[in-house]
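K.L.:
Here is a sequence with its predicted model. Questions after.
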Amino acid sequence: MADYGSGAMSGHSKWATIKHKKAATDAKRGRMWTKVIKEIQVAARMGGGDINANPRLRKAVNTAKAAAMNADNITRAIKRGTGELEGSSYEEATYEGTGSGGTLFIVEALTDNKNRTVAELRKIFEKAAGTLGSSGTAGWAFDRRGLITIPRAAADEDKLLDIAVGAGADDYTDQGDTWLITTPADQLDAVAKALEAASITLTEQKLGWIPKNKKDVVGRDAEMCMRLADNLDDHDDVQNVYADFDISDEEAAKLEGA
């Protein structure tokens, strides 16, 4: 659930491809399910268990279905959120920090122990030549946007232009095997519903952070940025990672082959 150097997205597709290969393992799918279950529970607790009346829950359930989660797991997560079943109580937390080469990171988490989470994230930053900062460290460099991912084969450019942009999307970019559609934060639901009405399956929809400007990193800075992003993304409490670094094709090939 990481987005490395979004924005114009020139760097995102390279890393999305690398991450996709790594995500093929069962262990990675298990971590993905853990993250989605937490989001479903929090969404249900905050807005109720009716997906038609709770846009956040609807997004989370769509993501769960796209990740091949079965209906029983989804139902149990909703019931834990509404209190019908016992379960842990998670809180939302956003962390900001800096990485190698002056890069900036925003980390969104759901945790049942903020003290533990912040201590563990601080260590992850430090081990990758970064620093976990205070609120405001990185947020100023990002814009809040709606992000929708759909399979590349689900629509061509003409269809996206007609449906997504017609419904209020800002832009769409080719990510290799997927399209990434960006929307104003308040238009996310409208664009998602327009795509669904056209029988286009959504892989994911969420509010995210897009860097206003991206930083090119090379050599050790590139390696450390990717290590930091990966290790943050692998933490069980972390839901999303956003960063402003970008890496050239040549640098990406070096790291992928390392």
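P.N.:
Arrived safely, thanks for sending. Numbers count the residues shown, from 1 in each chain.
K.L.:
all contacts plus neighbour counts: C-alpha atoms, from now on.
P.N.:
Will do.
K.L.:
in a strand, that's where Leu232 is, yeah?
P.N.:
No - secondary structure of Leu232 (DSSP: H, G, I helix; E, B strand; the rest coil): helix, not part of a strand.
K.L.:
Point out the other helices and strands that the top strand by length along the chain packs with.
P.N.:
Ranked by residue count, the top strand of the chain under DSSP state E comes out as strand 142-151. Strand 142-151 makes packing contacts with strand 178-184, helix 188-197, strand 204-211 when contacts are defined by 3 or more C-alpha pairs under 8 Å, 6 or more residues apart in numbering; DSSP states H and E.
K.L.:
any chance of these in a markdown table, plus mean neighbour count, mean pLDDT and distance to Thr137?
P.N.:
Written out in a markdown table, the entries for those read as follows (neighbours: other C-alpha atoms under 10 Å; pLDDT from 0 to 100; distance: least, C-alpha to C-alpha, whole Å):
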| stretch | mean neighbour count | mean pLDDT | distance to Thr137 |
| --- | --- | --- | --- |
| strand 178-184 | 23 | 93 | 23 |
| helix 188-197 | 19 | 92 | 26 |
| strand 204-211 | 23 | 90 | 13 |
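K.L.:
Which residue ranges of the stretch 51-200 of the chain form strands?
P.N.:
91-98, 104-111, 131-132, 142-151, 171-174, 178-184 (DSSP state E, counting those that start in this stretch).
K.L.:
Now the weakest link among those strands, please, by mean pLDDT.
P.N.:
Mean pLDDT is lowest for strand 171-174 among the strands of the stretch 51-200 of the chain, at a mean of 88.
K.L.:
hmm, which helix or strand of the chain has the shakiest average pLDDT?
P.N.:
Taking all helices and strands of the chain together, the one with the lowest average confidence (mean pLDDT, DSSP states H and E) is helix 12-22, at a mean of 48.
K.L.:
relative to strand 91-98, how tilted is the helix or strand hosting Tyr242?
P.N.:
When secondary structure is defined by DSSP states H and E, Tyr242 falls within strand 238-243. Strand 238-243 and strand 91-98 meet at an angle of 30 degrees, taking axes from the mean of the first three to the mean of the last three C-alpha atoms, to 10 degrees as the criterion.
K.L.:
for strand 238-243, the distance to its chain's centre please.
P.N.:
Distance, stretch centre to chain centre, for strand 238-243: 6 Å (C-alpha atoms, centre = their mean, to the nearest Å).
K.L.:
quick revisit: may I see the strands of the stretch 51-200 of the chain arranged in CSV, with distance to His235 as well?
P.N.:
Written out in CSV, the entries for the strands of the stretch 51-200 of the chain read as follows (distance: least, C-alpha to C-alpha, whole Å):
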stretch, distance to His235
strand 91-98, 13
strand 104-111, 9
strand 131-132, 15
strand 142-151, 22
strand 171-174, 28
strand 178-184, 24
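K.L.:
returning to that earlier point: right, so of the helices and strands packed on strand 142-151, which gets closest to Thr131?
P.N.:
strand 204-211 (18.5 Å; C-alpha to C-alpha).
K.L.:
Just list what that closest one packs against, helices and strands only.
P.N.:
Helices and strands in packing contact with strand 204-211 are listed as helix 55-66, strand 142-151, helix 188-197, strand 238-243; criterion 3+ C-alpha pairs under 8 Å, 6+ apart.
K.L.:
and with 7 Å instead?
P.N.:
With contacts defined as 3 or more C-alpha pairs under 7 Å, 6 or more residues apart in numbering; DSSP states H and E, strand 204-211 has these neighbours: helix 55-66, strand 142-151.
K.L.:
Next, format these as TSV and append distance to Ile74.
P.N.:
Below are those laid out as TSV (distance: least, C-alpha to C-alpha, whole Å):
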stretch	distance to Ile74
helix 55-66	7
strand 142-151	20
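K.L.:
Now tabulate those in CSV and tack on distance to Ala109 and mean neighbour count.
P.N.:
What follows is these, written out as CSV (distance: least, C-alpha to C-alpha, whole Å; neighbours: other C-alpha atoms under 10 Å):
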stretch, distance to Ala109, mean neighbour count
helix 55-66, 15, 21
strand 142-151, 16, 20
